[in-house]
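1. just the structure for this:
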Amino acid sequence: MDFKRELLVFLSSLDFENENIKAAYEKLEDLENFFEIDSESLEQILEGLGGFAKNRIIKYRSRQRVEKVLEICQKQNIQIITSLDDYFFDNLRMIENSPMLVYVKGEDLEITRGISIVGSRKPTAYGQMVVKSIIEGVVSLEPTIISGMAYGIDALAHENALENGLRTICVLGCGVDIIYPKRNKTIYERVLSSGGLIISEYPPKVEPRPHKFPLRNRIISALGEATIVVEAAEKSGSLITATYAASQGKEVFAVPGNINSINSKGCNKLIRDGASIYTSCEDLLEALPFKNKNKVNKEKVSLDMDQTLVYDLISKGISKFDDILEKTKYPTKRLNEIITILEMEDLIYASSFNEYEIVR
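-> Numbers count the residues shown, from 1 in each chain. Okay, the predicted model is just below:
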């Protein structure tokens, strides 16, 4: 493992949140003698970093700490995937607060046709029925079902996916070696035995804490092409997932419910605020990017890496020129060239001034 990856593992081992890892990494990434440099010099290099983070880095830095994490991962078949790796998840690479690294149990890292499903931890019979209906309705598309392995809707999403032979992914707010909640041990084991993945941005041995779950929701939404909220109270964590999904340019669906039901207040609010209403599988199938025939059109044309990236961003709903510019960091001239080529190939069109859509 090279120095930069060692550094990321070390920073992760300090139980920092991703923003602290990124801030520290940017100061240290070129300091090849990080583990040997004297503390006084290191403190000067870390100037501007928060006192808590700075003190932990200086106090605990050692290669032994990295080696301990690597040893645990090797024994438990945990992969460490960093943003420096070519095979890092593309859907995570482009989001705000993109994780610098993730830990993964499972083998096949490719995620195709992802649908994220979240909702109440205490679903009604109605919510249970809706989850079953959603999964059974999309079986023919062979999607990957993504959720957080919590009680309630999350667990139902995983269970129904498994029952219907679909691949499913659990995103945890703790280390991937920790089964949380413990009562979902069977789900955890079945996900892995069926070819699914357990993913977390936290290293092994990190226990679940309340503040970590809202943060992991951005990963749940990012890995899917659409997010469906099935029953949510007015202040449910599922609404955080929906907000992340919308900011990531993903389609957000909410299942409407009884206006007097506590479990439906959050979903009804999402619909009021602009989320797509979910009334049947047809609503979902119409909007899913992978349901449309865009991929066929794209495959008929030979696109370079930059053109493919821009095309994929537009297909995910990041359609305004300035937003694409911000995501890609391309020079304005280069992005204009790419847009022109995609238009000439009849892959995209200008739906309004400086905004583009995929040709259906």
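2. where along the stretch 1-150 of the chain do the strands fall?
-> Using DSSP state E, counting those that start in this stretch, the strands assigned to the stretch 1-150 of the chain run over residues 78-82, 101-105, 114-119, 144-147.
3. E71 is nearest to which of those strands?
-> Counting by Cβ to Cβ, E71 lies closest to strand 78-82 out of the strands of the stretch 1-150 of the chain; the figure is 10.7 Å. The C-beta positions use only the backbone N, C-alpha and C, and glycine is treated the same way.
4. and the next element down the chain from the lowest-mean-pLDDT helix or strand in the chain?
-> Using mean pLDDT, DSSP states H and E, helix 294-299 stands out as the lowest-scoring helix or strand of the chain, at a mean of 47. For helix 294-299, the following helix or strand on the C-terminal side (DSSP states H and E) is helix 305-315.
5. which parts of that next one are buried?
-> Residues 307, 309-315 are the ones in helix 305-315 that count as buried (16 or more other Cβ atoms under 10 Å).
6. just stretch 259-269 next, same as before
-> 262-269.
7. got the CA coordinates for that stretch in CSV?
-> Only the C-alpha atoms of stretch 259-269 are listed here, as CSV (Å, rounded to 0.1, in the frame of the first residue of the first chain):
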residue,chain,number,x,y,z
ILE,A,259,-53.2,12.7,6.1
ASN,A,260,-54.0,11.7,9.7
SER,A,261,-51.2,9.0,9.9
ILE,A,262,-48.0,10.0,11.7
ASN,A,263,-46.1,7.6,9.4
SER,A,264,-47.3,9.5,6.3
LYS,A,265,-46.7,13.1,7.3
GLY,A,266,-43.1,13.1,6.1
CYS,A,267,-44.0,11.5,2.7
ASN,A,268,-46.9,13.8,2.1
LYS,A,269,-44.7,16.8,2.9
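8. contacts for it, please.
-> For stretch 259-269, contacts defined as Cβ atoms under 8 Å, 6 or more residues apart in numbering pick out 120, 122-124, 127, 229-236, 238-239, 254-258.
9. in ChimeraX, how would I select the buried members of these?
-> Buried subset of the contacts of stretch 259-269, written as a ChimeraX selection, criterion 16+ other Cβ under 10 Å:
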select :120,123,124,127,229,230,231,232,233,236,238,239,254,255,257
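10. now intersect the contacts of stretch 259-269 with the strands, please.
-> 229-230, 254 (DSSP state E).
11. turn those residues into a markdown table, including distance to E40.
-> Putting the ones in strands among the contacts of stretch 259-269 into a markdown table (distance: Cβ to Cβ, whole Å) gives the following:
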| residue | distance to E40 |
| --- | --- |
| V229 | 51 |
| V230 | 55 |
| A254 | 55 |
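12. now render those as a markdown table, adding pLDDT and distance to Y188.
-> Output for the ones in strands among the contacts of stretch 259-269, formatted as a markdown table (pLDDT from 0 to 100; distance: Cβ to Cβ, whole Å):
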| residue | pLDDT | distance to Y188 |
| --- | --- | --- |
| V229 | 97 | 23 |
| V230 | 96 | 21 |
| A254 | 97 | 28 |
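13. nearest to P181, of those residues?
-> Taking Cβ to Cβ as the measure, P181 lies nearest V230 of these, at 18.8 Å.
14. for G152, see how far away that closest one is.
-> 9 Å (Cβ to Cβ, to the nearest Å).
15. now the common contact residues for these two.
-> 119-120, 123, 127.
16. now for Y188: which residues touch it?
-> 149, 170, 179, 198 are the contacts of Y188 under Cβ under 8 Å, 6+ apart.
17. can you tell me which of the contacts of stretch 259-269 are in helices?
-> Among the contacts of stretch 259-269, the members falling in helices (DSSP state H) are 127, 238-239.
18. can you tell me which of the residues you listed is nearest K105?
-> For the ones in helices among the contacts of stretch 259-269, the nearest to K105 is S238 (24.3 Å; Cβ to Cβ).
19. quick one: contacts for the closest one?
-> So S238 contacts 118-120, 153, 229, 232, 266 (Cβ under 8 Å, 6+ apart).
20. farthest-apart pair in these, please.
-> Checking the contacts of S238 with Cβ to Cβ, the most distant pair is I153 and G266, at 11.7 Å.
21. which neighbours do those two share?
-> By Cβ under 8 Å, 6+ apart, the residues touching both I153 and G266 are 231, 238.
22. quickly note the distance from the residue positioned nearest the centre of the chain to D283.
-> Residue closest to the average C-alpha location in the chain (Cα atoms, centre = their mean): I219, at 2.4 Å. I219 is 25 Å from D283, where distance means Cβ to Cβ.
23. likewise N260?
-> 24 Å.
24. hang on, the earlier thing: ok, so of the buried residues of stretch 259-269, who is nearest E163?
-> For the buried residues of stretch 259-269, the minimum distance to E163 (Cβ to Cβ) is 23.1 Å, reached by N263.
25. ok so, going back, pick the one among the ones in strands among the contacts of stretch 259-269 closest to E6.
-> V229 (39.5 Å).
26. does the closest one touch V255 like I think?
-> Yes. The criterion here is Cβ atoms under 8 Å, and V229 meets it with V255 at 6.8 Å.
27. what touches both of these two?
-> With Cβ under 8 Å, 6+ apart, V229 and V255 have common neighbours 119, 267.
28. buried ones in stretch 39-49?
-> For stretch 39-49, using 16+ other Cβ under 10 Å, the buried residues are 42, 46, 49.
29. tell me the confidence at the closest residue in space to I58 that isn't next to it in sequence?
-> Spatial nearest neighbour of I58, chain neighbours left out: S39 (5.3 Å); criterion: Cβ to Cβ, 6 or more residues apart in numbering. pLDDT, S39: 95.
30. what's the spacing between S39 and C170?
-> For S39, the distance to C170 - Cβ to Cβ - is 40 Å.
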